[in-house]
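Novice: generate a structure from the sequence data that follows.
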Amino acid sequence: MYTGTNEKLRNIVITNLHWMIEILTKVITVFTPMFEMKKAEDRKQLQKLWGKLSNEGVLEEMLLRYLWRNEDEDLFDVFVELMKVFCLLFEKTKEIKEANRIFLVSCRMKVDKKDILKVTADDTQTVSIYLTPTDFLSDAVYHTLVVAFLELMTEKGSDDSEVFRNRSDFKFSGHTLSLGSVKIYHEKEKPCALKLEISRWNKIDDERSDGKETEVSEPEPSVCMEVLSYLKEQLKTVCNIYEGIGYNLRVLCTACNPDEHHLIDLDECLKNDFVPCGRRIKAMDTARIKHLFSMSKLVWLFFNVVILTSYCSYKALIFTEFDDAYKVTDGIAVIRTVSTTWKEARTESGKYE
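Specialist: Coordinates of the predicted model:
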């Protein structure tokens, strides 16, 4: 096995896959190891760390080094990187000294029995995508996506995530991304699916004395498109790593009763204004899905803003803003920055109304 795209593994070739599997299963196992330590204090500490791994999925470096104590110590970082490549491991604390490195093993996390995701109709502030398998849905797909979204949250500077074996919540740009398994009751052969729910936070009216949430808004299209793009990119990785795994991205049919769990292909919704239900002489109106996930409107807005700014005395300010944004973020955020700046310029100059 060779991973040429990973800088740390570029000069590493694994010729004995069984040996590599044995190393990985020392972490991912149902058996409790025998801690052969001379000092009782050290043994109790390792037992405590093992309990933390079993109950919370949190793995500390001290325990990991003990589990791999019979292997070449110089290969420790190689093993860690291999687990990251297969999305079995996520490093939580990268900025502190190596002796205190802490990892999250997603497949060993505890199960959330209270807040289980279900197939339900979306409300105003929520939109959901369902990942259904073409053959079977491996648990590895969920664990891979959890690690991928944790890495995305780290890049965005957000560390407020709740991660469980069956459901995880990530805070992202004023939204909560909820990922978890659901059951599709009408599917007999492939009843399991993954649900990705994007929920926008409610705004609190500062003028109200009780501080209650008063404004309910739809998810921001820029956030929805960024999440969908990232999801698709990560699913390509999943399909490359795990042979035989295929998937479809779908949304709940609004022409049917939500309890029927009828799902319609997402790409079809993005291509057409109406999609035939298939179960009734009805069609699903795709206006909301296209508004939240289609790039066409933002591209149209972008080019219109560029044209308008050519006649605007504030165009130097706007394009300076554009250049700075282009260096630090992606195309979706760039569009948002340009349009926001243009709105500020328009407010100051009424003749461009």
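
Novice: what segments of the stretch 51-200 of the chain are helices?
Specialist: For the stretch 51-200 of the chain, helices defined by DSSP state H, counting those that start in this stretch occupy the ranges 61-67, 76-85, 139-155.

Novice: tabulate these (TSV), appending mean neighbour count, distance to residue 162 and mean pLDDT.
Specialist: (Glycine included, C-beta is placed from N, CA and C.) Shown next, in TSV, are the helices of the stretch 51-200 of the chain (neighbours: other CB atoms under 10 Å; distance: least, CB to CB, whole Å; pLDDT from 0 to 100):
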stretch	mean neighbour count	distance to residue 162	mean pLDDT
helix 61-67	18	23	91
helix 76-85	18	21	87
helix 139-155	20	11	85
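
Novice: OK, contacts around residue 251?
Specialist: Going by CB atoms under 8 Å, 6 or more residues apart in numbering, residue 251 touches 127-130, 263-264, 266, 269, 289.

Novice: quick check: bridge partners of it?
Specialist: Per DSSP bridges, the residues bridged to residue 251 are residue 264.

Novice: using PDB, write down the CA coordinates of stretch 74-86.
Specialist: Provided in PDB are the C-alpha atoms of stretch 74-86 (Å, rounded to 0.1, in the frame of the first residue of the first chain):
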ATOM      1  CA  ASP A  74      10.200   5.600  15.000                       C
ATOM      2  CA  LEU A  75       7.100   4.500  13.200                       C
ATOM      3  CA  PHE A  76       4.700   5.900  15.700                       C
ATOM      4  CA  ASP A  77       3.800   9.000  13.700                       C
ATOM      5  CA  VAL A  78       3.500   6.800  10.600                       C
ATOM      6  CA  PHE A  79       0.800   4.700  12.300                       C
ATOM      7  CA  VAL A  80      -1.000   7.800  13.500                       C
ATOM      8  CA  GLU A  81      -0.900   9.300  10.000                       C
ATOM      9  CA  LEU A  82      -2.300   6.000   8.500                       C
ATOM     10  CA  MET A  83      -5.200   6.100  10.900                       C
ATOM     11  CA  LYS A  84      -5.900   9.700   9.800                       C
ATOM     12  CA  VAL A  85      -5.700   8.700   6.100                       C
ATOM     13  CA  PHE A  86      -8.400   6.100   6.700                       C
END
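
Novice: returning to what we had before: buried subset of the contacts of residue 251?
Specialist: With burial judged by 16 or more other CB atoms under 10 Å, the buried subset of the contacts of residue 251 is 127-130, 263-264, 266, 269, 289.

Novice: hmm, back to that, now flag whichever of the contacts of residue 251 is closest to residue 138.
Specialist: Of all the contacts of residue 251, residue 138 sits closest to residue 130, with 16.4 Å by CB to CB.

Novice: spatially nearest residue to the closest one (excluding sequence neighbours)?
Specialist: With sequence-adjacent residues excluded and distances taken as CB to CB, 6 or more residues apart in numbering, residue 130 is closest to residue 250, at 4.7 Å.

Novice: next one: the one you found from residue 133, what distance?
Specialist: The gap separating residue 250 from residue 133 is 11 Å, by CB to CB, to the nearest Å.

Novice: ditto for residue 123
Specialist: Applying CB to CB, the value for residue 123 to residue 133 is 27 Å.

Novice: so between these two, which is more surrounded?
Specialist: With neighbours defined as other CB atoms under 10 Å, residue 123 and residue 133 compare such that residue 133 has more, 18 against 10.

Novice: now do the more buried one against residue 266, distance only.
Specialist: For residue 133, the distance to residue 266 (CB to CB) stands at 15 Å.

Novice: related to what we said a few turns ago, pLDDT at the residue nearest to residue 130, what is it?
Specialist: Looking at residue 250, its pLDDT is 94.

Novice: same check on the one 4 residues further on?
Specialist: With respect to pLDDT, residue 254 has a value of 91.

Novice: residues in contact with it?
Specialist: Residues near residue 254 by CB under 8 Å, 6+ apart: 121, 284-285.

Novice: most surrounded residue in these?
Specialist: residue 284 leads the contacts of residue 254 on contacts (other CB under 10 Å) with 23 neighbours.

Novice: surely that residue is in a strand?
Specialist: Yes - membership of residue 284 in a strand is supported by DSSP: H, G, I helix; E, B strand; the rest coil.

Novice: how about the strands in the protein?
Specialist: 58-60, 90-91, 102-104, 126-133, 161-163, 167-172, 175-183, 192-200, 203-204, 213-215, 247-252, 263-265, 274-276, 283-285 (DSSP state E).

Novice: just put these in CSV and tack on distance to residue 36.
Specialist: Formatted as CSV, those follow (distance: least, CB to CB, whole Å):
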stretch, distance to residue 36
strand 58-60, 19
strand 90-91, 27
strand 102-104, 23
strand 126-133, 43
strand 161-163, 32
strand 167-172, 35
strand 175-183, 38
strand 192-200, 41
strand 203-204, 56
strand 213-215, 56
strand 247-252, 44
strand 263-265, 52
strand 274-276, 62
strand 283-285, 62
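
Novice: lowest average pLDDT across those?
Specialist: strand 213-215 (a mean of 62).
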